[in-house]
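K.L.:
Sequence isn't available, so here's the structure alone:
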């Protein structure tokens, strides 16, 4: 059975897939460049999938799966491939998802991220949040930032993850990586303990509950640099989510604390390119006096405008500005920019040549290639 699973995983890797989906009484599927594709034609029944998993993970973990009805773990295929695994029960039986974890930490320069994000690795204290839906590249971005620090600084880094994805080797830094469920009972326990373990930098895999958020804010407020993730779509929603998780009587305290420590928000979406792959569209919020004031004064609705206006001076950008840059570079099509825009109506106007960021077809052979509209000469 293990051989069958390994064959499915190897086939997925061969086709540059990111996730293998196994579901009782269904054909295995793989996600390739964001789309699910069938892997063969033969469905797998629940007994086959369960036997496959039991051989790989052992009786103890299978008992835990039966008791908890879901289970997170990692799986290693040879010395070159690692996977984050989630097994769960659903209507027709058992299902499992294997997500590829790259063994090598990608170099920042290869990720096509805005250069201003690199500067977050140079901070001495504060809170950096990386947000987006599952599979948008949050862990990859964090790993590349930690690697920059690891190569250039002499610091103590503690990561708390569920499970550990990228494995960091000590370079200039000392790095302790803790896996929830294996090395600690919870994010909260590990984060509280981390404050007594002389860290310079703490990476929290995900801020799942208000206690974890509260301790993370405290850690950032007491001189640590804290990185974490949230499943939110953009910077404004991220700020609203953090504050909204607390009771009303606590929200003003959290708002003031967040305004003080939040140094940046990186929000990512993976967008299909014209050549068939995917590329990140990234919204970036950088702390400025104006941003801090807007958060402090509960004027979150003005944050998107502040990000938009801060592109030239501070390197900030909205999602739609990121999409327009990709469009001007010829990486994505006009229709893709419209489909993924945060404000489709505004994007449509820009595509039609209306507004200060308007772009027009240059009529030179590729209907999906656009350039900046030039002002008429007097």
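P.N.:
Nice, I can see it. Note that this is a predicted model, so its numbers are computed, not measured.
K.L.:
Was I right to think residue 234 contacts residue 283?
P.N.:
Yes: Residue 234 lies in contact with residue 283 (CB atoms under 8 Å); the separation is 5.3 Å. Any C-beta I mention is one placed from the backbone N, CA and C, and that applies to glycine too.
K.L.:
any residues in contact with both of these two?
P.N.:
Common neighbours of residue 234 and residue 283, counting by CB atoms under 8 Å, 6 or more residues apart in numbering, are 267, 318-319.
K.L.:
Restricted to helices, list those.
P.N.:
residue 319 (DSSP state H).
K.L.:
May I see the shared contacts of residue 234 and residue 283 arranged in CSV, with pLDDT, neighbour count and distance to residue 197 as well?
P.N.:
Listed next are the shared contacts of residue 234 and residue 283 as CSV, based on pLDDT from 0 to 100; neighbours: other CB atoms under 10 Å; distance: CB to CB, whole Å:
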residue, pLDDT, neighbour count, distance to residue 197
267, 98, 27, 30
318, 97, 28, 38
319, 96, 25, 37
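K.L.:
now the shared contacts of residue 234 and residue 283 as a markdown table including distance to residue 163?
P.N.:
A markdown table is the format used below for the shared contacts of residue 234 and residue 283 (distance: CB to CB, whole Å):
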| residue | distance to residue 163 |
| --- | --- |
| 267 | 24 |
| 318 | 33 |
| 319 | 30 |
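K.L.:
Tell me how many other residues crowd residue 241.
P.N.:
Using other CB atoms under 10 Å, the number of residues around residue 241 comes to 17.
K.L.:
contacting residues for residue 245?
P.N.:
Counted by CB under 8 Å, 6+ apart, residue 245 has contacts 209-210, 213.
K.L.:
do the same with residue 83
P.N.:
9, 20, 74-77, 98-101.
K.L.:
Neighbour-wise, which one of those residues leads?
P.N.:
residue 98 (26 neighbours).
K.L.:
Residue 143 versus residue 271, what's the distance?
P.N.:
Counting by CB to CB, to the nearest Å, the gap from residue 271 to residue 143 is 21 Å.
K.L.:
Please say which of those two ends up with more neighbours.
P.N.:
With neighbours defined as other CB under 10 Å, residue 271 and residue 143 compare such that residue 143 has more, 25 against 22.
K.L.:
Okay, and that one sits in which element?
P.N.:
helix 138-152 (DSSP states H and E).
K.L.:
so residue 258 touches residue 240, yeah?
P.N.:
No: with contact defined as CB under 8 Å, residue 258 does not reach residue 240; the gap is 10.6 Å.
K.L.:
These two - which one has more neighbours?
P.N.:
Taking other CB under 10 Å, residue 258 and residue 240 do not tie; residue 258 has more neighbours (22 against 15).
K.L.:
residue closest to the middle of the protein?
P.N.:
residue 138 (1.8 Å; CA atoms, centre = their mean).
K.L.:
Can you give me every residue that contacts that one?
P.N.:
Neighbours of residue 138 in contact, by CB under 8 Å, 6+ apart: 130-132, 229, 268.
K.L.:
Check what pLDDT it gets.
P.N.:
Per-residue confidence (pLDDT) for residue 138: 95.
K.L.:
residue ranges of the helices in this protein, please?
P.N.:
So, for the chain - with DSSP H - the helices run 2-14, 46-68, 138-152, 187-194, 210-221, 235-244, 248-261, 289-296, 303-309, 311-314, 319-328, 334-340, 344-351.
K.L.:
closest to residue 200 out of those helices?
P.N.:
Nearest to residue 200 among the helices of the chain is helix 138-152 (8.9 Å), distances taken as CB to CB.
K.L.:
Okay, residue 314 and residue 271: tell me how far apart.
P.N.:
Distance from residue 314 to residue 271, by CB to CB: 23 Å.
K.L.:
Same question for residue 51.
P.N.:
Distance from residue 51 to residue 271, by CB to CB: 39 Å.
K.L.:
I'd like the distance between residue 328 and residue 322.
P.N.:
Taking CB to CB, one finds residue 328 at 11 Å from residue 322.
K.L.:
Tell me which of those two has more neighbours.
P.N.:
Neighbours were counted for residue 328 and for residue 322 using other CB under 10 Å; residue 322 has more, 25 against 16.
K.L.:
for that one, what are its contacts?
P.N.:
Neighbours of residue 322 in contact, by CB under 8 Å, 6+ apart: 114, 281-283.
K.L.:
Now neighbour count, distance to residue 25 and pLDDT too, for the residues you listed, in JSON lines please.
P.N.:
Formatted as JSON lines, the contacts of residue 322 follow (neighbours: other CB atoms under 10 Å; distance: CB to CB, whole Å; pLDDT from 0 to 100):
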{"residue": "114", "neighbour count": "19", "distance to residue 25": "45", "pLDDT": "96"}
{"residue": "281", "neighbour count": "30", "distance to residue 25": "37", "pLDDT": "97"}
{"residue": "282", "neighbour count": "29", "distance to residue 25": "39", "pLDDT": "98"}
{"residue": "283", "neighbour count": "27", "distance to residue 25": "40", "pLDDT": "98"}
